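[1] Here's a sequence, model it:
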Amino acid sequence: MSTKETILIVDDEKEILKLMEIYLKNEGYKLLKASDGLEALELLAKNEVDLIVLDVMMPRLDGIEACMRIREERDMPIIMLSAKSQDIDKIAGLSIGADDYVTKPFNPLELIARVKSQLRRYNRFDKRTAVSKDEIVIEDLVINVATHTVTVDQKEVKLTPREFAILHLLAVNKDIVLSMDKIYEEAWKEPYMESKNTVMVHIRRLREKLECDPRNPRYIKTVWGIGYKMESS
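    Take a look at the predicted model:
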């Protein structure tokens, strides 16, 4: 069987680790194993990892905190595992940078399917997304940080400084959901003061300028109840 990507599986339950190991190895993936968040961070510092399966409830450093630390530097897919099935728990995981959420007990075949789906999506996205010191390129959208210019399909789009700041913020945090208060504080450089409408108006204007169909946005996606994120279609 040909060698595939490397997956880091993180769980403090040995039985769960063993179960994931059996099924993932059967698919040809290379595996790294950790029993808590700190061990996972140590392995990440020493190894190239293509995807992480990360349990939420663990000793020393839990999955939520570990995910937040990982997202400060890395953008590989993260699938959260948790015995908690409440929507608020899923939202918490997804809002801090996780890409998917699987509730325990889970069907190993479902986990495999989600792993494959996330890797396909990430590899396809990664090929179509380039980031350099001066430019961020997402398909036909080009953001030039040095000149503060934006083009879509090679046509320049005129943005206000605030609109550019919001677009740049979303682009450098691609695939991460940013709340309205986070967007406001970063773009306006002042504390968030119940300014949802202000952010929403600017997002609407950005979509009107960037999108062919603002009602079905291609780049700036709404994550209902949380905020916005930028992704490639």
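
[2] mind exporting stretch 55-75 as CSV, just the C-alpha atoms?
    Only the C-alpha atoms of stretch 55-75 are listed here, as CSV (Å, rounded to 0.1, in the frame of the first residue of the first chain):
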residue,chain,number,x,y,z
ASP,A,55,-10.0,14.9,21.7
VAL,A,56,-11.6,17.8,23.7
MET,A,57,-11.5,16.5,27.3
MET,A,58,-7.9,15.6,28.2
PRO,A,59,-5.5,16.2,31.2
ARG,A,60,-2.7,18.8,31.3
LEU,A,61,-3.9,20.6,28.2
ASP,A,62,-7.4,20.1,26.8
GLY,A,63,-8.3,20.0,23.1
ILE,A,64,-9.8,23.4,22.9
GLU,A,65,-6.7,25.1,24.3
ALA,A,66,-4.5,22.9,22.2
CYS,A,67,-6.4,23.8,19.0
MET,A,68,-6.1,27.5,19.8
ARG,A,69,-2.3,27.2,20.1
ILE,A,70,-2.0,25.1,17.0
ARG,A,71,-4.0,27.6,15.0
GLU,A,72,-1.5,30.4,16.0
GLU,A,73,1.0,28.8,13.6
ARG,A,74,-0.5,25.9,11.6
ASP,A,75,-3.4,25.5,9.3
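
[3] in its sheet, what does the host helix or strand of Ile79 sit against?
    According to DSSP states H and E, Ile79 maps onto strand 78-82. With DSSP bridges as the test, strand 78-82 is paired with strand 51-55 (parallel), strand 100-103 (parallel).

[4] Name the surrounding residues that touch it.
    Strand 78-82 is contacted from outside by 11, 16, 51-57, 63, 67, 70-71, 89, 93, 97-104, 106, 111, 114-115, 118, using Cβ atoms under 8 Å, 6 or more residues apart in numbering. Heads up, the C-betas are built off the backbone N, CA and C, glycines and all.
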